[in-house]
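Asker: Here is the input, now give the coordinates:
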Amino acid sequence: MPVHHIALCCALSLLDEIAAAAPLPLFEEEQPLQAVLSAPLGQVYAQRRKDDRLYFPGFWSYNDNNGEKQRLSVQIRTRGIYRRLNCRLPPLQLNFKKSEVKGTLFKGQDKLKLVGPCGTRSRDDQFLILEYLAYRAFDLVADGHSFDTRMIELSYVDTEQKEKPWSDMTFVIEDEDDLAKRLGRQLMKVAKIDSGQLEPAQSTVVELFQYMIGNTDYSTIRAAAGLDCCHNVKLMALKDSREGIIPVPYDFDSSGIVDAPYAMPPESIPIPSVRKRFYTGRCRDPSYLDNAIARYIENRAAIIALFRDSQYLEDRYKKKTVSYLEEFFEVISDPAKVERELSSRCRG
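Answerer: You can find the predicted model right below:
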């Protein structure tokens with residue numbers, strides 16, 4: 001076996017040992033959960049443009065696996081940056097009481113990110129489903145190093161009746177500290193890192209995923225001014241180590257696979273729209289890209305099936321997305337196209 005393959009196998013074996021912890025109960029199953037959020041939603045949304053936003057009290061109700069209704073206290077506030085400021089329905093932060101969730105489906109949960117449609121049109125629902133499925137697609141190739149998600153069929157009730165009740169498909173995202181604990185790592189909070197500090201095998205898998213979904217709205221080494229590294233990526237490091245850092249991506253709404261109307265590529269990327277792919281991966285030993293490509297090709301059928309067989313996607317979105325994915329697999333299956341579209345564009 002070539003030396004670079006031995007090194008890669010050892011690195012991946014170490015990652016497998018680290019990622020042994022089981023998910024929390026909420027994320028053990030994939031079927032959508034039905035729930036009701038009751039809170040002063042009008043007041044919550046009214047604070048969306050404030051830097052310091054208050055939490056408002058409410059209740060989270062759902063039916064457990066035995067069909068019995070459970071009711072939990074929850075604090076909510078708006079979160080995020082672009083979607084908080086520009087969406088008709090901004091994303092929410094859910095903050096549960098640890099003392100209340102013991103022995104429930106939400107055991108171990110404290111803070112959860114809730115993602116809902118940006119607006120009230122049917123296409124907004126489709127964009128939401130596409131982003132959720134992007135998380136699921138990354139799960140297939142991430143070897144456990146990804147955020148867990150759970151779809152929620154959520155009914156919203158404004159307790160002050162400033163908003164009429166409505167229902168939406170939404171999803172929740174695993175808390176970053178819970179992810180770090182599950183991976184046996186620590187969440188890094190730094191302004192930036194050097195690309196040489198990244199674990200190369202998993203980082204290449206991440207970069208190839210971003211290329212697959214047409215996403216350039218991320219960075220594995222830098223964040224926006226005043227924020228922790230990195231842009232739409234969380235860094236997971238072993239205790240007291242600054243090497244072998246694993247990047248875990250999130251927020252895929254600005255990707256080409258979602259193709260939201262507000263999504264625009266950064267000015268520094270020479271593409272006309274997010275539907276045009278552009279590789280932004282780091283330059284490394286070619287074996288890392290070869291092995292990452294092999295992992296995607298191995299999971300090709302499963303990735304495509306996620307979108308093609310989704311009961312929530314309309315046929316036109318299924319066809320559009322499957323075609324977009326087939327274009328990606330056509331590139332990575334052709335050595336000449338790999339050299340032209342990926343290897344020759346890597347960043348030093």
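Asker: dump the residue contacts of the nearest residue to Arg308 once chain neighbours are set aside.
Answerer: Distances taken as Cβ to Cβ, 6 or more residues apart in numbering put Val322 closest to Arg308, at 5.2 Å, once the chain neighbours are dropped. C-beta: built from backbone N, CA, C; applies to glycine. When contacts are counted by Cβ atoms under 8 Å, 6 or more residues apart in numbering, Val322 touches 304, 307-308.
Asker: Compare those and tell me which is most surrounded.
Answerer: Comparing the contacts of Val322 by number of neighbours (other Cβ atoms under 10 Å), Phe307 comes first, having 23 neighbours.
Asker: and Gln93, backbone torsions?
Answerer: Backbone torsions of Gln93, given as degrees, to the nearest 10, read phi -100, psi 130.
Asker: That one: how many residues sit nearby?
Answerer: Look at Gln93: counted by other Cβ under 10 Å, it has 18 neighbours.
Asker: Likewise for Glu100?
Answerer: Neighbour tally, Glu100, other Cβ under 10 Å: 16.
Asker: so it touches Leu72, yeah?
Answerer: Yes: if you go by Cβ atoms under 8 Å, Glu100 and Leu72 touch, sitting 5.3 Å apart.
Asker: so where's this structure shaky on pLDDT?
Answerer: Along the chain, segments meeting pLDDT under 70 span 1-20.
Asker: Let me see the ranges of the helices in it.
Answerer: 3-18, 41-46, 82-86, 98-101, 122-141, 176-183, 200-212, 286-298, 300-308, 315-332, 335-341 (DSSP state H).
Asker: in the last one, what counts as buried?
Answerer: Buried residues in helix 335-341, counting neighbours by 16 or more other Cβ atoms under 10 Å, are found at 338, 341.
Asker: Packing partners of that helix?
Answerer: In terms of contacts (3 or more Cβ pairs under 8 Å, 6 or more residues apart in numbering; DSSP states H and E), helix 335-341 is packed against helix 315-332.
Asker: Next, the buried residues of stretch 71-84.
Answerer: For stretch 71-84, burial by neighbour count (16+ other Cβ under 10 Å) applies to 72, 74-80, 83-84.
Asker: Can you name the two of those residues that sit furthest apart?
Answerer: For those, the farthest-apart pair by Cβ to Cβ is Leu72 and Arg83; their separation is 25.0 Å.
Asker: Leu238 and Gln186 touch, don't they?
Answerer: Yes: at 7.4 Å, Leu238 counts as touching Gln186 under the criterion of Cβ under 8 Å.
Asker: What count of nearby residues applies to Gln31?
Answerer: Using other Cβ under 10 Å, Gln31 has 7 neighbouring residues.
Asker: can you tell me which residues contact the closest residue to Val172 other than its chain neighbours?
Answerer: The shortest distance from Val172 to any non-neighbouring residue, by Cβ to Cβ, 6+ apart, is to Leu112 (4.6 Å). Counting by Cβ under 8 Å, 6+ apart, Leu112 touches 93-94, 96, 172-175.
Asker: What about those, which are in strands?
Answerer: Among the contacts of Leu112, the residues falling in strands (DSSP state E) are 93-94, 96, 172-173.
Asker: Turn those into TSV, columns for distance to Ile293.
Answerer: TSV is the format used below for these (distance: Cβ to Cβ, whole Å):
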residue	distance to Ile293
Gln93	37
Leu94	38
Phe96	41
Val172	32
Ile173	27
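Asker: Show me which of those residues are buried.
Answerer: Counted by 16+ other Cβ under 10 Å, the ones in strands among the contacts of Leu112 give 93-94, 96, 172-173 as buried.
Asker: of all these, which two lie farthest apart?
Answerer: Longest span within those, Cβ to Cβ: Phe96 and Ile173, 14.3 Å.
Asker: Isn't Thr170 up against Leu154?
Answerer: Yes: judged on Cβ under 8 Å, Thr170 makes contact with Leu154 at a distance of 4.7 Å.
Asker: Common neighbours of those two, please.
Answerer: The contact lists of Thr170 and Leu154 share 114, 116, where a contact means Cβ under 8 Å, 6+ apart.
Asker: so Phe56 makes contact with Leu37?
Answerer: No: taking Cβ under 8 Å as the definition, Phe56 is not a contact partner of Leu37, at 11.2 Å.
Asker: Between those two, which is the more surrounded one?
Answerer: Set Phe56 next to Leu37 and count neighbours by other Cβ under 10 Å: Leu37 wins out with 22 against 18.
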